[in-house]
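Student: starting from these lines, generate the structure:
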Amino acid sequence: MNHRVDAPEQAIDFNNENSNTSANPTFDSVLGARLSRRGLLRGSVGSVGTAVLAGFGVTACGGSDDPAVVEPPAAPKLLGFGAVPKSLADVVAVPAGYTASVLFALGDPIASGVAAYKNDGTDGDFDKRAGDHHDGMEWFGLGADGKRNDNATERGLLAINHEATTDEKLSSFFLHANGGTSTLPRPAAEVDKETDIHGIAVIEVAKSGGKWSYVQNSAQNFRLTALSAIEIAGPARGNAQLITKYSPTGTMTRGTLNNCGTGKTPWGTFLTGEENWFGYFTRGAADDAARGNDKSVTSLKRYGRNQGAASRHGWETGGADDKYQRWNNSKTGASANGSDDYRNEMNGMGFIVEIDAYDKTRVAKKRTGLGRFAHESAAFGKVEAGKPLSIYMGDDSRGEYIYKFVSTATWNAADANANDRMAIGDKYMDSGKLYAAKFNADGTGTWVELSLSNTAISGYTAYSFADAADIAINTRIAADAVGATKMDRPEWNAVNPANGEIYFTLTNNSNRSVNPASGQYLPDAANPRAYTDMKGTSAQPGNPNGHLVRMKEGSSTTSFSWDVYLFGAEAGADKALVNISSLTADQDFSSPDGLVFSKATGICWIQTDDGAYTDVTNCMMLAAVPGSVGDGAKKTLSYTKADGSKMDIVTPVGKAATDSTLKRFLVGPKGSEITGLAETPDGKAIFVNIQHPGEGTGMANVGDATKFQSQWPSNAGYGAGKRPRSATIVITKNDGGVIGS
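Tutor: I've put the predicted structure just below:
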């Protein structure tokens with residue numbers, strides 16, 4: 001997800017939505033202590049370690065699990081590189097013996113005849129250029145004939161999410177010559193630029209003469225933007241809650257938005273998750289009454305849109321054209337069903353979208369069976385012939401839930417190479433069961449089905465569910481009803497290909513407290529920390545550094561076991577309550593986000609999107625050699641409440657990491673998030689995204705490059721102008737070896 005670093009106080013953080021006011025457990029009791037970052041400490045309880053990292057940092061959101069198509073190299077020595085030190089430099093730092101090169105940056109043309117990017121705010125045609133905020137990413141191999149080849153290592157397609165854009169107040173100021181308009185109404189020309197830089201890009205890349213480049217004129221390049229036509233598929237297709245002026249039948253919608261994590265299906269298509277889309281819409285101050293205070297009001301509030309809510313960019317003020325009015329989520333028409341306005345428009349966002357990267361003529365589909373929430377990645381469990389497919393997902397907001405979808409259809413290996421890949425998606429993702437996770441304090445858990453057959457849902461008094469489509473559209477409310485466990489912002493997830501265990505990054509959560517006030521909740525076994533970390537003189541409460549949880553499926557579809565794989569922390573923090581994993585200076589990190597497992601090596605790549613530790617280091621990527629659930633021990637965290645009473649929480653923690661199982665591999669430029677990772681099947685090249693470098697730049701300084709927080713990648717010799725740009729880089733080993741060895 002994109003995180004505005006050091007945003008001005010007046011800015012609204014649309015990426016930190018917090019609408020879960022349910023009384024659902026955050027786990028079995030515990031409390032939070034206070035502790036400062038530089039060594040202050042209160043309370044004790046022995047140190048803890050956590051495990052060899054097997055599950056963080058998916059390509060900035062994602063974790064594909066398609067079957068391996070090549071044999072992994074013969075047991076290379078993993079993590080043989082020297083750890084990259086923490087850094088505040090405006091560069092991409094990688095280990096000695098490796099080279100990182102810029103491949104594809106914001107504004108780069110992807111069609112013939114499109115001019116080179118000037119990077120001065122005068123460029124147009126963004127539907128034919130790279131979008132902004134490169135995020136999750138997947139590799140799709142191409143043979144010499146330009147067709148799908150899962151074994152290809154030197155030519156392929158990269159499918160790249162373009163999540164959002166850098167903004168201080170309304171305007172995406174780096175896109176506009178003078179920084180754009182920060183008051184309403186917004187000019188149509190500015191809005192058109194900003195809608196076009198969202199969505200996804202598919203580009204051809206190739207290696208020639210030992211160097212990688214993207215192919216500007218490839219016929220296989222294409223973009224989907226916030227205005228592209230997309231089909232609604234699955235149980236919510238045609239539902240009354242999806243009827244709009246654009247689609248009176250409720251079967252189509254426009255655009256995919258705030259795309260974060262990714263996934264790759266076993267049949268070779270691209271999955272992209274729609275994350276923080278709610279903030280792009282506005283609602284009138286009297287909209288509750290206009291709707292008759294019906295259950296749509298309950299839904300809108302649960303998904304972050306109270307009446308009177310302002311939109312992130314003010315796109316609805318771009319003019320009278322329908323493409324601007326769609327961003328007004330108010331009831332403005334006279335129809336009973338919403339066919340004359342966009343009161344239901346927001347219900348078309350928040351899904352996993354399937355895209356055929358190999359065939360740009362195929363219409364993308366929103367797979368509503370996988371639920372609607374702030375999606376990050378979609379990771380497939382072990383794929384076995386004759387068994388259903390499982391897809392794991394997280395909802396990235398404070399206090400939200402972890403989900404699993406299990407297909408009705410059982411896997412047929414022949415489907416892996418079917419010609420009509422979107423039809424195979426229909427088969428496996430439009431029909432199945434959706435579950436939410438309940439974590440128990442003893443290290444066990446239950447997948448609870450979200451269906452009307454569950455009386456907790458059919459009898460829920462806070463919202464009356466009508467059918468399966470209603471559950472698919474209002475998945476968060478269904479999970480509230482069954483008492484799913486509130487988690488510390490579940491972001492990327494990934495599945496360890498060696499054993500099928502599932503890893504989730506829990507980025508952070510300021511709402512955990514030992515003495516919870518309104519809207520806050522106690523720590524629990526799966527989210528056990530509540531402390532105060534000091535960033536300079538600023539107190540950061542809750543769980544500011546985040547952690548990773550891993551899960552192992554049980555003997556039934558509905559049972560699992562779990563432990564905490566790794567706690568983010570500073571190396572010098574208290575080992576009893578904060579640095580429980582005993583991280584060293586070569587390993588410490590904060591706010592894990594992206595998570596990807598390499599199929600070539602088994603390395604678990606962990607990427608960070610941090611604002612808590614950025615006075616010491618820029619965001620980073622770590623390499624880990626994973627262990628397994630249960631390889632550690634239970635730890636007790638002891639807290640003292642404000643009234644002097646004690647509270648203990650016992651949590652299962654993985655085996656402690658060592659310098660041979662966890663190392664920092666990369667540190668990014670100033671202001672950037674590290675997100676998204678894809679690799680060639682031989683593991684000799686990895687592609688990584690550097691998102692929003694320089695996002696801490698003030699809008700008032702857009703005309704003065706000396707005041708930019710970052711000038712990357714121009715300071716690395718890439719492209720025109722000095723305005724910072726999100727970009728995809730490619731990393732190779734100088735001796736031609738496998739990455740991470």
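Student: can I take it that S407 is in a strand?
Tutor: Yes: the assignment for S407 (DSSP: H, G, I helix; E, B strand; the rest coil) places it in a strand.
Student: so it touches V383, yeah?
Tutor: No: using C-beta atoms under 8 Å, S407 is not in contact with V383; the gap is 10.8 Å. Any C-beta I mention is one placed from the backbone N, CA and C, and that applies to glycine too.
Student: overlap of the contact sets of the two?
Tutor: Shared contacts of S407 and V383 (C-beta atoms under 8 Å, 6 or more residues apart in numbering): L389.
Student: pull the CA atoms of stretch 729-736 into CSV?
Tutor: Extracted as CSV, the C-alpha positions of stretch 729-736 are listed here (Å, rounded to 0.1, in the frame of the first residue of the first chain):
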residue,chain,number,x,y,z
ILE,A,729,14.2,-2.2,-11.4
VAL,A,730,15.9,-5.4,-12.4
ILE,A,731,18.5,-7.0,-10.2
THR,A,732,21.1,-9.5,-11.4
LYS,A,733,24.2,-11.1,-10.0
ASN,A,734,27.4,-10.0,-11.6
ASP,A,735,28.7,-13.5,-12.0
GLY,A,736,25.4,-14.6,-13.6
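Student: mind listing the strands for the stretch 351-500 of the chain?
Tutor: Secondary structure of the stretch 351-500 of the chain by DSSP state E, counting those that start in this stretch: the strands cover 352-355, 365-367, 375-380, 388-395, 398-400, 402-410, 432-439, 444-449, 487-488, 490-495.
Student: likewise the stretch 51-200 of the chain?
Tutor: So, for the stretch 51-200 of the chain - with DSSP E, counting those that start in this stretch - the strands run 98-105, 134-141, 155-162, 199-208.
Student: closest one to W447 among these?
Tutor: strand 134-141 (24.5 Å; C-beta to C-beta).
Student: I'd like to know which elements the closest one is packed against.
Tutor: For strand 134-141, the contact count by 3 or more C-beta pairs under 8 Å, 6 or more residues apart in numbering; DSSP states H and E identifies strand 155-162, strand 259-264, strand 270-274, strand 673-679, strand 685-691, strand 727-733 as packing neighbours.
Student: below-threshold pLDDT in the stretch 201-350 of the chain: ranges please.
Tutor: The model of the stretch 201-350 of the chain has no residue with pLDDT under 70.
Student: and the residue of the chain most remote from its centre, helix, strand or coil?
Tutor: In the chain, the residue that sits farthest from the middle, by C-alpha atoms, centre = their mean, is G644; the gap is 39.2 Å. Put simply, G644 is coil when judged by three-state DSSP.
Student: ditto for the one 4 residues further on
Tutor: Recorded secondary structure, D648: strand (three-state DSSP).
Student: what bridges to it?
Tutor: With DSSP bridges as the criterion, D648 is bridged to S638.
Student: any idea how many residues pack against it?
Tutor: D648 has 12 neighbouring residues, counting by other C-beta atoms under 10 Å.
Student: A413: neighbour count?
Tutor: So A413, with other C-beta under 10 Å, has 12 neighbours.
Student: repeat for D322
Tutor: Quick note: D322 (other C-beta under 10 Å) scores 11 neighbours.
Student: so where's this structure shaky on pLDDT?
Tutor: Across the chain, the ranges flagged by pLDDT under 70 are 1-19, 21-23, 25-76.
Student: all helices of the protein, in order?
Tutor: Counting by DSSP state H, the segments of the chain that form helices are 188-196, 287-290, 295-302, 322-325, 421-429, 455-458, 468-473, 475-482.
Student: okay, those helices, which one's buried deepest?
Tutor: Highest mean neighbour count among the helices of the chain (mean count of other C-beta atoms under 10 Å): helix 475-482, with a mean of 26.
Student: which helices and strands does that helix pack with?
Tutor: helix 295-302, strand 432-439, helix 455-458.
Student: now render these as TSV, adding distance to R254.
Tutor: TSV is the format used below for those (distance: least, C-beta to C-beta, whole Å):
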stretch	distance to R254
helix 295-302	19
strand 432-439	25
helix 455-458	31
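Student: looking at those, which is closest to T658?
Tutor: The nearest among the helices and strands packed on helix 475-482, by C-beta to C-beta, is strand 432-439 at 27.1 Å.
Student: and the residue farthest from the centre of the chain, how close does it get to L522?
Tutor: Remark: distance between G644 and L522 (C-beta to C-beta, to the nearest Å) = 17 Å.
Student: one more: D420?
Tutor: Between D420 and L522 the distance, using C-beta to C-beta, works out to 50 Å.
Student: more neighbours: which of the two?
Tutor: L522 (23 against 12).
Student: the more buried one against G542, yeah?
Tutor: No: checked against C-beta under 8 Å, the pair L522 and G542 is beyond contact range at 11.3 Å.
Student: rewinding a little: can I get the helices of the chain in TSV including distance to Q691?
Tutor: As requested, those are exported to TSV (distance: least, C-beta to C-beta, whole Å):
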stretch	distance to Q691
helix 188-196	16
helix 287-290	33
helix 295-302	28
helix 322-325	26
helix 421-429	28
helix 455-458	37
helix 468-473	29
helix 475-482	26
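Student: quick one: closest of those to V92.
Tutor: That would be helix 188-196 among these, by C-beta to C-beta, at 26.6 Å.
Student: who touches that closest one?
Tutor: Residues outside helix 188-196 that contact it (C-beta under 8 Å, 6+ apart): 124, 126-127, 131, 165, 171-172, 175-176, 180-181, 223, 225-227, 255, 313-315, 318-319, 321, 323-324.
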